[in-house]
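In: attaching a predicted model along with its sequence, questions to come.
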Amino acid sequence: MPIHLIMDNYATHKTDKVRAWLAARPRYSIHFTPTSASWLNLVERFFSTLSEEWIKRQAHVSVKDLEASIERYLETYNRNPKPFRWHKKAEDILASVTRAVRALGR
């Protein structure tokens, strides 16, 4: 089964030691987030919260059990949504998204 790792663009993830480790494990694929996509920090924060406040506090006996747990988290999370207030102009945000899409090759 292939494993896809989504990582930020820090140079530490691109060292010779890391590249050698990955070369020895062909089922792993790394996908780097674009450096110009700071909005992805919000996504990272969401998954961090999901992991720290929900997943790690439970025992999951199967993938199906984990999926059901994540669904419960999303239902709980969405009961009391809090809007994110953008501080940039729409044009700046759209330009950033366009750069991110280009960097991801889509």
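Out: Perfect, I can see it now.
In: sec struct for residue 31, please.
Out: Put simply, residue 31 is strand when judged by DSSP: H, G, I helix; E, B strand; the rest coil.
In: that one bridge partners, please.
Out: residue 6 (DSSP bridges).
In: for the chain, longest helix please?
Out: Using DSSP state H to define each element, the chain has its longest helix at helix 63-79.
In: for it, give the mean pLDDT please.
Out: Summarised as a single mean, pLDDT over helix 63-79 is 93.
In: other residues contacting it?
Out: 50, 54-55, 58, 60 (C-beta atoms under 8 Å, 6 or more residues apart in numbering). To be clear about C-beta, it is placed using only N, CA and C from the backbone, and glycine gets the same treatment.
In: do you know how far the residue nearest to residue 54 when sequence neighbours are not counted is from residue 44?
Out: With sequence-adjacent residues excluded and distances taken as C-beta to C-beta, 6 or more residues apart in numbering, residue 54 is closest to residue 73, at 4.5 Å. Noted for residue 73: a distance of 16 Å to residue 44, by C-beta to C-beta, to the nearest Å.
In: which of the two has more residues huddled nearby?
Out: The neighbour count for residue 73 versus residue 44, taken as other C-beta atoms under 10 Å, is higher for residue 73 (16 against 12).
In: ok, residue 55 - contacts?
Out: 66, 69-70, 73.
In: adding distance to residue 6, write those out as a markdown table.
Out: Putting the contacts of residue 55 into a markdown table (distance: C-beta to C-beta, whole Å) gives the following:
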| residue | distance to residue 6 |
| --- | --- |
| 66 | 18 |
| 69 | 21 |
| 70 | 17 |
| 73 | 19 |
